[in-house]
Structures are given as C-alpha cells and as structure tokens.
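When you get a sec, could you give me coordinates for this:
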Amino acid sequence: MTVSFRQISWLLAASWAALSFTTTVNAQITTSSNCSTQYFPQLIDHGNLSTNGTFLQRYQVNSTNFKPGGPILYYQQAETAIFACLNDLILPEWAAQLGAMVITLEHRFFGLSLPSNASNPIEKYTTLTLENVMLDAVTFVEHIKNTVPGAQNSSVIITGGSYAGFLTTVTKINYPDVFFGAVPWAAPLRSIGANYQNPHRYDWFKYADKIYWDLSATAASKMKNAFDVFNKQLVSATNTTSIAKDFNLCSVPATTADLNSLMAFVNTAVYLIPQGGYNSLVANPARATAQKLVNIILNLDDPIQIINATLNVYYPSSIYPCVPFSTTQSDNPTLQLEPFNYLVCKYFPLSSNEIPNGTMFVPTSIQTESDPTTCETKFNIVPPTQEYVQAEYHFSRADLIDAKRILFAYNEFDPTTAVGTEPLPLTQDRNASRWMFTNLAAHGEESMASYPGDSPTVIHAREVQLQSIKEWLGMY
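The predicted structure is shown next:
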C-alpha cells in the first residue's frame, strides 16, 4: 500500500503541531487581547554575512513578572502558521515563581516570518537550515538581553515541544553558553532517516498499538478486525461514492491512491486520539480520548460501525458536518506543509509512518518525505541519515548523557515517546541531564497553561519541571 507525499506530510505534521494549535490568533493578525507581537530585523543567512540581508521575524515578550537579573524562559516556536501565544503555555505561570521574563520567536518561513518570497521552492528555502534556525534563537536572545533593562546577565532556559523539542535539544547542546538549561517536551530524537535505512521506522505505530491494547485487549482486538475488514473493502471497492456516504466523508475518494490515503487517514485519527487527548477543552474541544473510543468500541461488533466510531470520536458531528478527508489539503489550516516538508528533507527526516506485522493496524510500506527520490524530485535534496544528523549536531546518546541541565519529558499517551530518547543513567549530579515520563498524559500536555480539569499526573509533571529549573538556577 502506498500513499501520497501530501497525505504523509500531513500525517507527520498533524501530531507535531499539537503544541501550537491551542492558540486562536489568526496568522494575519499581530495583536489580540492576549497576544501582542513585535518584529525585529533578523539576518536572512547567518552563514553569509556578506549579503547583509534581513527579514522581519515575529516575536512576543511577557515581562510582567520579570525582576532584573531574573531568568529568561524562551519558548521555541514550531511549524505552524498560527503564532503560539505565551498565555496558552505554562511558562507565564512558572515566571511568576521565578521572577522570569517569557519570550518566544516565530520559526523562519512559518507564519509571518518570511526570509524569502521566491516562487521556486528550491530557491525560496535555501536559508531554511538547522544552523540558521538555531542562530535565529541565539540572535533573538541577544537582542532581548541588549534591549530589556536588567536582562543582560539573565540565564536562559529554552523550551519547546515536538519538532520544537528537537530544536530545543540541539540548540541547547550546540549553544550551551547562550542557553543555561532546557526542557524539551516530546522531542523526537530517533527514527531519523529514510525508511529503508531506519531501524526505528516501525516504533511510532508499535507504540500507538500498545496504547490501545493496554487500555483494553477486547477493544483493541475489535479494532484490529475492523481495520482488516475496512482495508479489504477499500482494496476491492468499485463504488467509492458509497464509501464516502458510509463514512460521512466530505469528499469522494476517486482513485486507488485516494483509497490508500483514506486508510492512512483512519490510521492517523487512531493515533491522534490518544496523542491529542488533552483534558483541556481549549486544546481538545472534541473531547477525543483513547479511553472514550475504547468505551464506545466495547459496545460495538460491526467493523463499519467501529470505523465510523473512530472517525466520529476525532471528528464529532457537533464540530464537523462531515469527516474532512481530502486528497488535496489538510483539514488543519494552521499547518504549513511546504516549508515543513523542506526541513524534513533537509535536516529532520523523521520516519514515523511504517506499520509492521503484528499490530492492530494494517501492515504498510509507504513512501515518505524522507524517501530520497521524493526529496530529490521536489527539493533537490538527499535526506541525511540518523548517524550524520547526530554527529553533525551532537545529540548522540553519549552527547545527551554528557550534556548539562536538559530535562527530557515524555508522556504515556504520546507515540512520540517511541522515537524520543531512552531513559538516561541515574546520577547524583543534579545538573546532569535527565529523563521523565508522565502517566495519563497526552503530547506535551504539561507545557500548556493550567486548566481546571488537568489530571494530577500532569500537575505533578509541571511541578517537577519547575523545581528542576529552580534547582539549576540555585533558587533554594
């Protein structure tokens, strides 16, 4: 079974946008009641100073709780069109206890921070490199320290989630003199490289499978049978209009490739349900959780009803008049796929799409963004291997163990945990980097602003992370 480049890029990006999608600010508006942003001139290419070119990069500062000399909490933005406003995050709450300033910078080529408007993607994204993204953060921090009274000697803690958790990790390791500590939430650090060379390429769906079997073997068994029946229906389909009607799809799958994409679409919904199963109604207005889906499926036997239930949990009729399956665009308008696809090919070729035998999902071998042919055709790029990226940017396991003051945070209901780093060795050195795991928590859930329905485990995770920062800063 194969699926399209567009569909798989959506499958990857849909989950990694989770730490940014809670904001409601429109990307074309720079100010709302809670999200006032500014711009500063950023170098287009930090590695080619002879050009002297700059672009305007968007940022936000919250200095409400800042005391001169206090720390700076820097939030690394990720791959979405919508600016992640600081009030949607836990950081301002931490700032109140730390006397800290909170700052964030929009990722180059996303939202309104555009170094180039060239129409040719190969020309347009020439400066979309990991070096430039990291140096954007370094330059921005220097800008803040030089313009905010009392911040010149402030220690900086860098944070970010998902893809931005990867950026948080490599930026802290490569610029330790600028970033004193780091809290990467749900950082994908393994399974990098094209599928044919990637030993971790199955880990994402193996982990998603485990989530459901752990909740209910009965429900997982029913789901496994339903996916098999559904796949056979798609393979032998002659009337795709009836398929669209049976599953309340917004568009009719017209080709074999569309039917394959529909299977991937269902797979994506299955893992996004636990991954985005936040207690906060702001972050999860559909109230979609794995436990909710399991409870429904336990009362069903018909495979078609089980597939419908799966789609309806993630796309409830109260929000979606039809299930937003499309072969031309993502249902999430905040995702900017072209620059994301480019950086995936260039320096972040994470593979999370292949499905092995033995899970409840239909086994699949698919062509992804990290496939050399696809990247070469679209961007004239051969994606790097895990070994190359780790060596070039210094995040091998040995590097992670040697690094100081990084707290890696992973959660139970998040398949990203499967492609994150493994637990680090125990040590008495309280400045050594550490690994933590939170039960009953979704993708980077503790990074979000407090919500009345937050689980005790998420509340505890936030406290552990805050106390770790306090300890790093000597605030005890």
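
C-alpha from now on. contacts and neighbour counts both.
Fine.

Is residue 375 in contact with residue 345, as I believe?
Yes - assessed by Cα atoms under 8 Å, residue 375 is found in contact with residue 345 at 5.8 Å.

more neighbours, the two?
residue 345 (28 against 22; other Cα atoms under 10 Å).

Grab the nearest non-local neighbour of the more buried one.
Once flanking residues are discounted, residue 345 sits nearest to residue 383: 5.0 Å by Cα to Cα, 6 or more residues apart in numbering.

same check, this time on residue 241
residue 252 (5.8 Å).

In the chain, spot the strand with the most residues.
Scanning the chain for the longest strand, with DSSP state E as the assignment, gives strand 54-62.

what's next to whichever helix or strand comes after that one, contact-wise?
Tracing the chain C-terminally past strand 54-62 and defining elements by DSSP states H and E, one meets strand 72-76 next. Strand 72-76 is contacted from outside by 91, 95, 100-107, 137, 151, 154-161, 164-165, 167-168, using Cα atoms under 8 Å, 6 or more residues apart in numbering.

Name the strands paired with strand 72-76 and say parallel or antiparallel.
The pairing partners recorded for strand 72-76 under DSSP bridges are strand 101-105 (parallel), strand 156-161 (parallel).

Can I get the first one in PDB, CA atoms only?
What it means is strand 101-105. Output of strand 101-105 as PDB, limited to C-alpha atoms (Å, rounded to 0.1, in the frame of the first residue of the first chain):
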ATOM      1  CA  MET A 101      10.700  37.000  31.600                       C
ATOM      2  CA  VAL A 102       9.000  34.800  29.000                       C
ATOM      3  CA  ILE A 103       9.900  35.200  25.300                       C
ATOM      4  CA  THR A 104       9.100  33.400  22.000                       C
ATOM      5  CA  LEU A 105      10.200  33.700  18.400                       C
END
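
Between strand 54-62 and that strand, find me the angle.
On the basis of axes from the mean of the first three to the mean of the last three Cα atoms, to 10 degrees, strand 101-105 is oriented at 150 degrees to strand 54-62.

what's the answer for the last one, then?
Counting by the same axes, to 10 degrees, strand 156-161 lies at 100 degrees to strand 54-62.

next structured bit after strand 156-161?
With secondary structure assigned by DSSP H and E, strand 156-161 is succeeded by helix 163-174.

helices or strands up against that following helix?
Secondary-structure packing of helix 163-174 (3 or more Cα pairs under 8 Å, 6 or more residues apart in numbering; DSSP states H and E): strand 72-76, strand 156-161, strand 181-185.

so what's the residue lying closest to residue 300 once chain neighbours are set aside scoring on pLDDT?
Nearest residue to residue 300, sequence neighbours excluded (Cα to Cα, 6+ apart): residue 306, at 6.6 Å. At residue 306, the pLDDT value in this model is 98.

hang on, isn't residue 306 packed against residue 225?
No - Residue 306 is beyond contact range of residue 225, at 9.6 Å (criterion: Cα under 8 Å).

More neighbours: those two, which one.
residue 306 (24 against 18).

Contacts only, for that one.
Under the criterion of Cα under 8 Å, 6+ apart, the contact list for residue 306 reads 222, 223, 226, 297, 300.

What about those, which are in helices?
222, 223, 226, 297 (DSSP state H).

And the residues you listed, which is closest to residue 263?
Among those, residue 226 lies closest to residue 263 (Cα to Cα), at 11.8 Å.

With residue 309 as the reference, measure out to the closest residue to that closest one other than its chain neighbours.
Once flanking residues are discounted, residue 226 sits nearest to residue 303: 4.2 Å by Cα to Cα, 6+ apart. Going from residue 303 to residue 309 by Cα to Cα, to the nearest Å gives 10 Å.

which parts of the longest strand of the chain are buried?
The neighbour-count check on strand 54-62 (16 or more other Cα atoms under 10 Å) flags 55, 56, 57, 58, 59, 60, 61, 62 as buried.

likewise stretch 389-398?
By 16+ other Cα under 10 Å, the buried positions in stretch 389-398 come out as 389, 390, 393, 394, 395, 396.

which among the residues you listed gets closest to residue 42?
Nearest to residue 42 among the buried residues of stretch 389-398, counting by Cα to Cα, is residue 393 at 22.4 Å.

pLDDT score for the closest one?
97.

Over to residue 271?
pLDDT, residue 271: 97.

Can you give me the neighbour number for the closest residue to it other than its chain neighbours?
Of all residues not flanking residue 271 in the chain, residue 208 sits nearest, at 5.7 Å (Cα to Cα, 6+ apart). For residue 208, the count of nearby residues is 26 (other Cα under 10 Å).

mind checking the SS state of residue 208?
When classified by DSSP: H, G, I helix; E, B strand; the rest coil, residue 208 comes out as helix.

Let me see the contact set for it.
271, 414, 415.

Highest neighbour count among those?
Result: residue 415 is most packed of the contacts of residue 208 (other Cα under 10 Å), 29 neighbours.

isn't that one right up against residue 271?
Yes - between residue 415 and residue 271 there is a contact at 7.4 Å, judged by Cα under 8 Å.

Now the common contact residues for the two.
By Cα under 8 Å, 6+ apart, residue 415 and residue 271 have these common neighbours: 205, 208.

all helices of the stretch 301-450 of the chain, in order?
Taking DSSP state H, counting those that start in this stretch as the criterion, the stretch 301-450 of the chain contains helices spanning 303-314, 337-346, 372-379, 386-393, 397-402.

Dump the longest one to PDB, restricted to CA.
Taking Å, rounded to 0.1, in the frame of the first residue of the first chain, the C-alpha atoms of helix 303-314 are listed here in PDB:
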ATOM      1  CA  PRO A 303     -16.500  -3.300  11.700                       C
ATOM      2  CA  ILE A 304     -18.100  -0.500   9.800                       C
ATOM      3  CA  GLN A 305     -19.600   0.900  13.000                       C
ATOM      4  CA  ILE A 306     -16.200   0.700  14.600                       C
ATOM      5  CA  ILE A 307     -14.500   2.600  11.800                       C
ATOM      6  CA  ASN A 308     -17.300   5.200  12.000                       C
ATOM      7  CA  ALA A 309     -17.000   5.400  15.800                       C
ATOM      8  CA  THR A 310     -13.200   6.000  15.400                       C
ATOM      9  CA  LEU A 311     -13.700   8.800  12.900                       C
ATOM     10  CA  ASN A 312     -16.600  10.300  14.900                       C
ATOM     11  CA  VAL A 313     -14.600  10.500  18.100                       C
ATOM     12  CA  TYR A 314     -11.900  12.500  16.400                       C
END
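
Off-centre distance for that helix?
Centroid separation for helix 303-314 versus its chain: 25 Å, with Cα atoms, centre = their mean, to the nearest Å.

Run through who's touching stretch 467-476.
98, 155, 157, 181, 405, 430, 431.

Restricted to buried residues, select those in ChimeraX.
In ChimeraX syntax, the buried subset of the contacts of stretch 467-476 is picked out as below (16+ other Cα under 10 Å):
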select :98,155,157,181,405,431
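
from the contacts of stretch 467-476, which is closest to residue 292?
residue 157 (36.6 Å).

Kind regards, and thank you for your time.
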